[in-house]
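**Student:** Give me coordinates for this.
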Amino acid sequence: MIDKSVASVSDAVAGIEDGSTVMIGGFGRAGQPVELIDALIATGAKDLTIVNNNAGNGDTGLAALLAAGQVRKIVCSFPRQSDSWVFDGLYRDGKVELELVPQGNLAERIRAAGAGIGAFYTPTGVGTQLADGKEIREIDGRAYALEYPLRADYALVSGYRADRWGNVVYRETARNFGPIMAAAATTSIVQVDRVVELGSLDPEHVVTPGIYVDRVVAVGDRAWIADGEFVGGVDIEGRPLQTEEDAR
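**Tutor:** As a prediction, this is how the structure comes out:
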């Protein structure tokens, strides 16, 4: 019997070793797998290379992982924003490395890894320091830089619902980098609000099929609850949620 569900977030992140490359989904706070990140912090794994769109917000989630001193390098598109003080301080002190990748290139490099693409050419970054040392080729009169796939040992992803086979659906913009990261990692770990019965997910709504998922853990209701109060939203079929009972 295929059952990719695990009992706890600590079980979900078990085995992540020092020096691992870990993709973490999320666009800012949207879709960030905070519970999995907290569990990763608890493991004490260090010298990690983190791939994310940002470099942490405030003092929670990815920012907390950075503050714990467990990150050696971060690969991202937007390292700085108004609340990136943890990363800012570490970077200025030379305690964390940064590889800056334009957002489109970041997404395509991750997607290429999952799709088995050896490399691709893109005009993004050509003529800037971001293209230094890269192969440049002229195609139809335009210069393109050669970019390589970006793979990871692990991916930490936040979904909405999953079944025990690992089929995952997402909630609105929380989807962002999750699907491509799940496909690009050797071991993909997905946290969801609930693990549901087989057959209860509409196949048309499954974005990440179970073949790309290794572990699933339920962390309880999150998206529509803020500070203990119901804040609305829609279900996986796009129907408005009127009450907390609807959400459940």
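**Student:** hang on, S5 packs against V195?
**Tutor:** Yes: the criterion here is CB atoms under 8 Å, and S5 meets it with V195 at 5.0 Å. Bear in mind the C-beta positions are built from the backbone N, C-alpha and C, glycine included.
**Student:** Find residues that contact each of these two.
**Tutor:** Overlap of the contact sets of S5 and V195 (by CB atoms under 8 Å, 6 or more residues apart in numbering) consists of 162, 164, 216, 218.
**Student:** Surely the third one touches D193?
**Tutor:** I take that to be V216. No: shown here, V216 and D193 do not form a contact pair, counting by CB under 8 Å, at 11.3 Å.
**Student:** looking at the chain, which helix or strand does the model trust least?
**Tutor:** Among the helices and strands of the chain, strand 225-226 carries the lowest confidence by mean pLDDT, DSSP states H and E, at a mean of 44.
**Student:** Between V216 and D193, tell me which one has more neighbours.
**Tutor:** Remark: of V216 and D193, V216 carries more neighbours, 27 against 21, as counted by other CB atoms under 10 Å.
**Student:** got the contact list for G114?
**Tutor:** Applying CB under 8 Å, 6+ apart as the definition, the contact partners of G114 turn out to be 180, 182-184, 212.
**Student:** Confirm that it sits in a strand.
**Tutor:** No: residue state for G114 (DSSP: H, G, I helix; E, B strand; the rest coil) corresponds to helix; a strand is not indicated.
**Student:** Now Q103: phi and psi?
**Tutor:** phi -60, psi -40 (degrees, to the nearest 10).
**Student:** and A64, what is it in contact with?
**Tutor:** With contacts defined as CB under 8 Å, 6+ apart, A64 is in contact with 37-38, 41, 56, 86.
**Student:** change it to 10 Å
**Tutor:** Residues touching A64, when contacts are defined by CB atoms under 10 Å, 6 or more residues apart in numbering, comprise 34, 37-38, 40-41, 56, 58, 70, 86.
**Student:** Tell me the secondary structure at V216.
**Tutor:** Under three-state DSSP, V216 falls in the strand class.
**Student:** That one pairs with what?
**Tutor:** The partner list for V216 in beta bridges (DSSP bridges) reads S5, V190.
**Student:** For it, which residues are in contact?
**Tutor:** Each residue near V216 by CB under 10 Å, 6+ apart is listed here: 3-6, 12, 157, 159, 161-168, 188-192, 195, 210.
**Student:** Show me how to select, in PyMOL, the buried members of those residues.
**Tutor:** Taking 16 or more other CB atoms under 10 Å as the burial criterion, the selection of buried members of the contacts of V216 in PyMOL is written as:
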select buried, resi 4+5+6+12+157+159+161+162+163+164+165+166+167+168+188+189+190+191+192+195+210
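**Student:** Can you list phi and psi of the residue in the chain sticking out farthest from the centre for me?
**Tutor:** The outermost residue of the chain relative to its centre, with distances by CA atoms, centre = their mean, is G141 at 36.0 Å. Backbone torsions of G141, given as degrees, to the nearest 10, read phi 80, psi 10.
**Student:** how far away is it from E35?
**Tutor:** With distances taken as CB to CB, to the nearest Å, G141 is found 50 Å from E35.
**Student:** ok, now Y148?
**Tutor:** If you go by CB to CB, the gap between Y148 and E35 works out to 32 Å.
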